[in-house]
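Participant: coords please:
(3 chains)
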Amino acid sequence: MSSAAKPMAAKPRRARGVLRRLIGDPLGALGLAMIVVTVIAALSAGLLPHDPVKLNPMVRFAAPGADHWLGTDNLGRDLFTRMLYGARIALVISIGATIVSLLVGLLLGVLAGFGPRWLDSILLLVMDAMKSVPTVMLALVLITWTGPSLWAVVLVVVLVNGPTYARIVRTQVLALRNAEFIEAERALGAGFLRVASLHVIPNIIGPLLILAAMDIPIVVGIEAGLSFLGLGVRPPTPSWGTILFDGFSYIRDSVWMVIAGGLPIVITALGFTFLGEALRDTFDPKLAKR
Amino acid sequence: MSRDATQAPVLQVRGLDLSYDTPAGALQALRQVNLTIGKGEIVGLVGESGSGKSTLMQAILGLLPGAAKVQGGQILFQGQDLAGLSAPQMRGLLGDRISVVFQDPMTALNPVLTIGRQMIDIQHRSRISRAEKRARAIGMLERVRIPDPESRFNRYPHEFSGGMRQRVAIAMALMARPALLVADEPTTALDATLEIATIDLLRELQAEIGCAILFITHHLGVVAELCDRIDIMYAGEIVESGATAPVFRDPRHPYTQLLFACDPAQISRPMRHLPSIGGGLPDLTHLPPGCIFAPRCPRADATCRATRPADHQAGPSDLVRCHYPLAPRLEITA
Amino acid sequence: MLGYLARRIVLAVAVILTVIAALFAMMRAIPGDPVRTALGPRASEAMVETYRIKMGLDQPVIVQIWRFFSTILQGDLGSDAISGVPVARIIMAQLPDTLYLVLGAMVVAVVPGVWLGVLSATKRGSLFDRVTSVLSVSVMAVPSFVIAIYLLLIFAIQLSWFPAIGAGEGLADRLHRLVLPSVALGLAWIGYIARILRASMLEVMGENHIRTARAFGLSERKIMYDYVLRIAILPTITVLGMGIGQMLSGAVFAEIVFGRPGIGKLVYDSIAARNYPIVTGTLLVTTGFFVLVNLIADLLIAFLDPRVRNVVSR
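Facilitator: Alright, predicted model coming up:
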């Protein structure tokens, strides 16, 4: 067993100290600020006077002004409003899909680690195969069959990220499995679910959450990318991907649509990456080698 | 055995002070270190881990890590102060006038280059053809008794045994016929038989080339066997120095006396427990005001704890850094 | 070496077979007529019948599985639902354009990536190192299609330095039109390569044999490029293998944004036309390519690293 498989120590820390250290790291502070801005944007989307989907053919391709802060799109819809609604979609899908991926990863990892050998081998092979299909192809084929929808996006995210988390959990389970105190507990009749929830999850949840935070840009990219291709969020629902596709289609008429669709993707992706890096450096320098 | 007074020493370290920047403050790794190596002399440098042997070696070779700062003193090699040399000037000496054999033969050679490639690369100063360099390298491999050197030449380090790798390292170090060879525990990683063979080889090559050797070790038996002189280091200071045999017979510094008593090979009477020196190394970021050994010394008194001792000449030793160099030898009982 | 080779190839084959099995399971799991699903709604009644007999759907499941595997493994990826042309031929016709793009992206990624990685390792902790590190994670985080659109907007439309659309005619024009899509696709991998190379260089620089090289007065340049990089480059090859495979399918965005032909564009159009055989066929081809490239990368490392070469031959 490699040294990486040693049980990682659970690190209880005070939240305030963590926050102070994160803000002490300029990049971490910047990342946090970017995420806060995105969250505020998503929450305040409903407060704006404009409707995100109602067509307004009288003001197509309007330039930014007092009425339309970022101008309007090819159908006369207010771009600023659509951008904020897009933040809702992006955050809900990326965080929701990441939580589902984490749960699936935990389940598969615990099954592979505690289960019989044949199950472990099969799961490993399937996870390897999953990782061998290029991400974009996997997404395209799945959605060809399921049809475009939010759920299809979630499914793609789970299939892309789930195996990574499952592998980490599995390694941790295997390391703990033969630990004496676990053997003692199992001898006393503790089921593997009890052992998993008492020992595996507390040990693994910190590093796993950091990895998940760093994966959020990938998830935001998957949602926006599929929506861009017309395979994710369906028009007229505002998603950064669909706004960007409209902007691409009319790129010679107006630059504002491309800005309203692309800039928030860049901000969110950088925000979660910077925060994830800072979190990792603070909590678990070992992960830096990943 | 004794030093030829008419000849200038190859290496002379004078009053060397060196510290490391650490988060806890400056760590005074070397303090007023004096060390002399005469031409063609083999000098053993002895001390436990953490005594500063490696730092002293790195200072001599100019391979100190970035956090290390030479605060004072000189490292004179053939009259030239190494501490003041620029990196390119130092590179000009390394592998040519000064060579080194490192401790762990398993990791000291580049794993993805052949032995031959590495032996040709280190002749980068010679203005001879590649074929001549190759011939020289093979000749040197023969000298260190590598069987079938022609075919071994194109092999990778992992294809050699530990003892053979160390002989390759010795061949590389001596190929340029340096004036000084620094040997950093070259036999520690080897088993006893290989250790003897390697030391015999080193002595034989030294006699032929006439280089001086600074032999760093914590194995007193090897020093007694090989070295003309011995220097004993403790916590960043050389506490005693002299010709090997007399110092072994009558060590003057309490640390040397305890160290010799601790070496199983030195114990003549059977004892129930191996003796060991009580206490640990002092904190070098916060030095005690007096003698560095006072906290562990069974003989320490108020003077020892208050003032630093000077270097004295006493008995067979040329240098004893102790307030009481003439005190009777400590009796060690288990 | 032979044992390692065999084991590595067996693993690659097992992965491919698992992917095919998953594909089969998925086609069966979809509710409704599997033939309809496989061919898409635009296939004619006659084609559905032919396909049903060809697939042997009246046969037992085990026979169906056998046929499914054997046809695919013989290189028969089925026929286009609309034109009836073999899918393999359609894909192979589009593959070269995508491969040029991937090659261009590799050049964009490798040259600056290696340079930045080596330099930030030798200047560890400097301002240059910190700026490189932030830029690396930044380009890794931003999705390639966003980069593609902004490149299009700035360099093709606003500045008119590059043509916006198409693959071009003749070598000079083709290369000219390859620049922006290659940058869009390769930019992120500059970050991946710089990061992994920096980390592995720093690891190697701490090893004992580098101290030996210094102790023999070798120049820093020689030590870095001959003694350190030779070892540190090995993990980078693995990353490159992954990169080529991912780029091959990630090319879809660059191909759409810059209006280039290629397998990405092919799949995109096939999805819109619900032309399923082409979609699944492309999945198999890109996956096979991905597995193959990773296999080659692993074997290349084994070949370049005498330690692995030796250990695995025992």
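Participant: Check whichever residue of the stretch 101-250 of chain B sits closest to chain A and give its pLDDT.
Facilitator: Of all residues in the stretch 101-250 of chain B, the one sitting closest to chain A is residue B:107 (17.7 Å; CB to the nearest CB). Glycine gets a C-beta too; all of them are placed from N, C-alpha and C. The score at residue B:107 is 88. That number is its pLDDT.
Participant: For it, which non-adjacent residue is spatially closest?
Facilitator: Once its chain neighbours are removed from consideration, residue B:107 has its nearest residue in residue C:208; the separation is 4.0 Å (CB to CB, 6 or more residues apart in numbering or on different chains).
Participant: who touches that neighbour in this structure?
Facilitator: Contacts of residue C:208 were listed using CB atoms under 8 Å, 6 or more residues apart in numbering or on different chains, and they are B:102, B:104, B:107-108.
Participant: Quick one: residues contacting residue B:315.
Facilitator: When the contact criterion is CB under 8 Å, 6+ apart, the partners of residue B:315 are B:246, B:250, B:252, B:325-326.
Participant: Looking at neighbours, which among those is most surrounded?
Facilitator: Counting neighbours by other CB atoms under 10 Å in any protein chain shown, residue B:252 comes out on top of these with 25 neighbours.
Participant: Chain A versus that residue, what's the distance?
Facilitator: Taking CB to the nearest CB, to the nearest Å as the criterion, residue B:252 is separated from chain A by 47 Å.
Participant: So that residue is in contact with residue B:317, correct?
Facilitator: Yes - counting by CB atoms under 8 Å, residue B:317 is a contact partner of residue B:252 at 4.8 Å.
Participant: Where does pLDDT dip in the chain?
Facilitator: Using chain A. A:1-18, A:180, A:190, A:192, A:196, A:284-290 (pLDDT under 70).
Participant: wait, I meant chain C there
Facilitator: Across chain C, residues meeting the criterion (pLDDT under 70) sit at C:1-2, C:29-43, C:52, C:54-59, C:81, C:308-314.
Participant: Stretch C:244-260 close to chain A?
Facilitator: Yes - Stretch C:244-260 comes into contact with chain A when judged by CB under 8 Å from any CB of the partner chain, the residues involved being C:245-246, C:248-250, C:252-253, C:256-257.
Participant: near chain B, from those?
Facilitator: On the criterion CB under 8 Å from any CB, none of the entries of these sits beside chain B.
Participant: Need those residues in a markdown table (columns: secondary structure, distance to residue A:147 and neighbour count).
Facilitator: A markdown table is the format used below for the residues of stretch C:244-260 next to chain A (DSSP: H, G, I helix; E, B strand; the rest coil; distance: CB to CB, whole Å; neighbours: other CB atoms under 10 Å in any protein chain shown):
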| residue | secondary structure | distance to residue A:147 | neighbour count |
| --- | --- | --- | --- |
| C:245 | helix | 27 | 26 |
| C:246 | helix | 25 | 23 |
| C:248 | helix | 25 | 29 |
| C:249 | helix | 20 | 28 |
| C:250 | helix | 23 | 27 |
| C:252 | helix | 19 | 27 |
| C:253 | helix | 21 | 25 |
| C:256 | helix | 20 | 20 |
| C:257 | helix | 24 | 26 |
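Participant: and of the residues you listed, the nearest to chain B?
Facilitator: residue C:245 (26.2 Å).
Participant: give me phi/psi at residue B:233?
Facilitator: As for residue B:233, its main-chain torsions (degrees, to the nearest 10) stand at phi -110, psi 140.
Participant: Show me the beta-bridge partners of it.
Facilitator: With DSSP bridges as the criterion, residue B:233 is bridged to residue B:238.
Participant: hey, where'd the strands end up in chain B?
Facilitator: Taking DSSP state E, the strands of chain B run over residues B:11-22, B:25-37, B:42-46, B:68-77, B:80-81, B:98-101, B:180-184, B:212-217, B:229-234, B:237-243, B:311-314, B:317-321.
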